[in-house]
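**Q** Curious how this folds, go ahead:
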Amino acid sequence: QINEITKKIKNEEHVIGPFLAIAFFENPKLHKFSAELYNKKNYPLNKFFPKIKKYPKHEKIRIAYFSGDFRNHPVSTLTAELFELHNSNKFEVYAFSYGAKDFVTERLEKSFDKFIDIGKIPDNDVVLLGREMEIDIAIDLSGYSGDERVGIFAGKVAPIQLSYIGYLGTMGSEYYDYLLADQHIIPNNMRKWYTEKIIYLPSFQVNDNKRAFPDKVFLREDLGLPSKGFVFCCFNNSYKILPSTFDSWMRILSKVDDSVIFLLGPNKNVKDNLQKEAIARDINPDRLIFGENVSMSDYLSRFHNADLFLDTSPYNAGATASDALRSELPLITLLGNSFASRHAASILRAVGLPELIARSTEEYESFAIELATNPEMFQAIKAKLRKNLSSSLLLDTKLFSKNLESAYQKIYHRYQDGLGPDHIYIK
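**A** Below is the predicted model of the structure:
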């Protein structure tokens, strides 16, 4: 199927959406092609609206975040503190929300100068509203993540438009000017696969330091885990588990006696299919342990019962990687060539653990086996993670906010000076 889909994408056939493409393929060239096809078909530039005449230079730069996920969702659990930290002397900050509300929304609403519900407002009317408000910079936190309002950006709701965190790839359009990343995620030699100019931050992923991580610790027996033996885990969504990743996991289990792998089990199909595939690889299916759906607090507590997180490829852990590391759980990832397959490597670098980034499948498996069978090495990695956390880029949200605001100021001043978008480096 992958070979067939690849051929059809190259023939400019509409066979797969961009979000699925980044989960199925590790090839950024295919990601760009699929995004461009999808964008051209579904969200071409809206020529109904005239080009925005340059707004007068505002005393405070007007930035607006657009999302359907201003709720208990990974996008908001990562960005909540960022919104609170924005400098109110230099920026007016708006939220344009088109999703459900919950207890997280209540906190977020207090962070913005205005929190505007556009759930029932058509895209064109939102464009008019944004232009009436003279929004300078519009940030799309959803992209092609399914719950999308790309049509708003197709109408040019703001003179400067960019994409961040909700969708890990190029938007493949002519109207997104910038994409936030870092040099580990998009090295200079890979920029050709992105239609946007890249804003290079020192570290890509923001975090919320106010988020409480529970001290509660389950007994292994409470979670269906064996009382002894090494516990690998992966709490990524099941669609991220491709056969190549699963093959690696089963080879690792075969080399580490008495080990198990702890996975999310959102439904019976996931459990049945993965256990069947384990049997096909000569692994006892009982060595796959599935966690039930639980509260967020209990979900975070379960990280303490695992020893090593095994990441998926080509779609890495994102918010989940931060959750694991902040729970002092080491993570191994396989470095690829696409945004989504380099995301966890960026996170590991931000916490000062580049030695856990594998460059090949063989290295990925070797790292996992060695850490599981060499207690001294394993404890040294755990100690380093524990030591690095508090001073890491990953958790320095104040610095992240300053760096992001510096980027906003640079792109705004370029626009005011009559200059087009260009790659931006924030040191």
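**Q** Please count neighbours and contacts with C-alpha atoms only from this point.
**A** Noted.
**Q** May I see the buried residues of stretch 37-56?
**A** 37-39, 43-45 (16 or more other C-alpha atoms under 10 Å).
**Q** how close does Glu12 sit to Leu37?
**A** 7 Å (C-alpha to C-alpha, to the nearest Å).
**Q** Next, the contact list for the closest residue to Thr170 other than its chain neighbours, please.
**A** Nearest-residue entry for Thr170: Tyr194, 5.1 Å, with adjacent residues in sequence omitted and distances by C-alpha to C-alpha, 6 or more residues apart in numbering. Residues near Tyr194 by C-alpha atoms under 8 Å, 6 or more residues apart in numbering: 32, 169-172.
**Q** again with Asn46
**A** For Asn46, the contact set (C-alpha under 8 Å, 6+ apart) comprises 151, 154-156.
**Q** distance of it from Gly155?
**A** 5 Å.
**Q** same thing with Ala280?
**A** 51 Å.
**Q** Tell me who's in contact with Gly420.
**A** Applying C-alpha under 8 Å, 6+ apart, we find Gly420 in contact with Arg414.
**Q** So for it, what's the pLDDT?
**A** Gly420 carries a pLDDT value of 97.
**Q** So what does it look like in phi/psi?
**A** phi -80, psi 170 (degrees, to the nearest 10).
**Q** Please identify the helix or strand for the residue lying farthest from the centre of the chain.
**A** What lies farthest from the middle of the chain is Pro56; by C-alpha atoms, centre = their mean that is 34.8 Å. In this structure, Pro56 sits in neither a helix nor a strand according to DSSP states H and E.
**Q** ok so, going back, so which of Ala280 and Gly155 has more stuff around it?
**A** Using other C-alpha atoms under 10 Å as the criterion, Ala280 and Gly155 rank with Gly155 on top: 24 against 11.
**Q** Test my guess that the more buried one contacts Pro44.
**A** No: between Gly155 and Pro44 no contact is recorded; they are 9.0 Å apart, counting by C-alpha atoms under 8 Å.
**Q** Mind picking out the helix or strand in this structure with the poorest mean pLDDT?
**A** helix 2-10 (a mean of 92; mean pLDDT, DSSP states H and E).
**Q** could you show me where the strands are in the stretch 51-200 of the chain, in order?
**A** Using DSSP state E, counting those that start in this stretch, the strands found in the stretch 51-200 of the chain span residues 61-67, 91-97, 114-117, 137-140, 160-163, 178-181, 197-200.
**Q** contacts for the third one?
**A** With contact meaning C-alpha under 8 Å, 6+ apart, strand 114-117 is reached by 93-98, 109.
**Q** Quick one: the helices in the stretch 251-400 of the chain, in order.
**A** Shown for the stretch 251-400 of the chain, the helices assigned by DSSP state H, counting those that start in this stretch span residues 268-280, 296-302, 319-326, 343-350, 361-373, 375-389, 397-416.
**Q** Would you mind telling me which of those helices is nearest Tyr164?
**A** Nearest of these to Tyr164, taken as C-alpha to C-alpha: helix 397-416 at 11.2 Å.
**Q** Would you state the helices of the stretch 101-250 of the chain in chain order?
**A** 103-109, 123-132, 150-154, 243-255.
**Q** Can I get the ones you listed in CSV including mean pLDDT and mean neighbour count?
**A** Converted to CSV, the helices of the stretch 101-250 of the chain look like this (pLDDT from 0 to 100; neighbours: other C-alpha atoms under 10 Å):
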stretch, mean pLDDT, mean neighbour count
helix 103-109, 96, 15
helix 123-132, 98, 17
helix 150-154, 98, 23
helix 243-255, 98, 18
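**Q** Turn these into CSV, including distance to Asn374.
**A** Listed next are the helices of the stretch 101-250 of the chain as CSV, based on distance: least, C-alpha to C-alpha, whole Å:
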stretch, distance to Asn374
helix 103-109, 42
helix 123-132, 56
helix 150-154, 49
helix 243-255, 13
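**Q** what about those, which gets the closest to Ser392?
**A** helix 103-109 (24.8 Å).
**Q** what does that closest one contact?
**A** Residues contacting helix 103-109 (C-alpha under 8 Å, 6+ apart): 70-72, 76, 80, 83, 115.
**Q** quick one on the thing from earlier: let me know which of the helices of the stretch 251-400 of the chain is tucked in deepest.
**A** Highest mean neighbour count among those (mean count of other C-alpha atoms under 10 Å): helix 343-350, with a mean of 25.
**Q** Would you mind writing the CA trace of it as CSV?
**A** Listed next in CSV are the C-alpha coordinates belonging to helix 343-350 (Å, rounded to 0.1, in the frame of the first residue of the first chain):
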residue,chain,number,x,y,z
HIS,A,343,10.9,16.1,16.7
ALA,A,344,11.9,13.8,19.6
ALA,A,345,15.6,14.2,18.8
SER,A,346,15.1,18.0,19.2
ILE,A,347,13.4,17.4,22.6
LEU,A,348,16.3,15.1,23.7
ARG,A,349,18.8,17.8,22.7
ALA,A,350,16.8,20.4,24.6
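**Q** List the contacts of the nearest residue to Tyr94 once chain neighbours are set aside.
**A** Nearest residue to Tyr94 in three dimensions, chain neighbours excluded: Ala64, at 4.5 Å (C-alpha to C-alpha, 6+ apart). For Ala64, the contact set (C-alpha under 8 Å, 6+ apart) comprises 93-96, 135, 137-139.
**Q** For the residues you listed, give me CSV that also has distance to Ile160.
**A** Formatted as CSV, the contacts of Ala64 follow (distance: C-alpha to C-alpha, whole Å):
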residue, distance to Ile160
Val93, 15
Tyr94, 15
Ala95, 16
Phe96, 16
Ile135, 9
Ile137, 5
Ala138, 6
Ile139, 9
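**Q** which of these count as buried?
**A** By 16+ other C-alpha under 10 Å, those give 93-96, 135, 137-139 as buried.
**Q** Considering the residues you listed, which is situated nearest to Ala181?
**A** Ile139 (13.6 Å).
**Q** so the closest one sits right up against Ala158, yeah?
**A** No: Ile139 sits out of contact with Ala158 when judged by C-alpha under 8 Å, with a separation of 9.4 Å.
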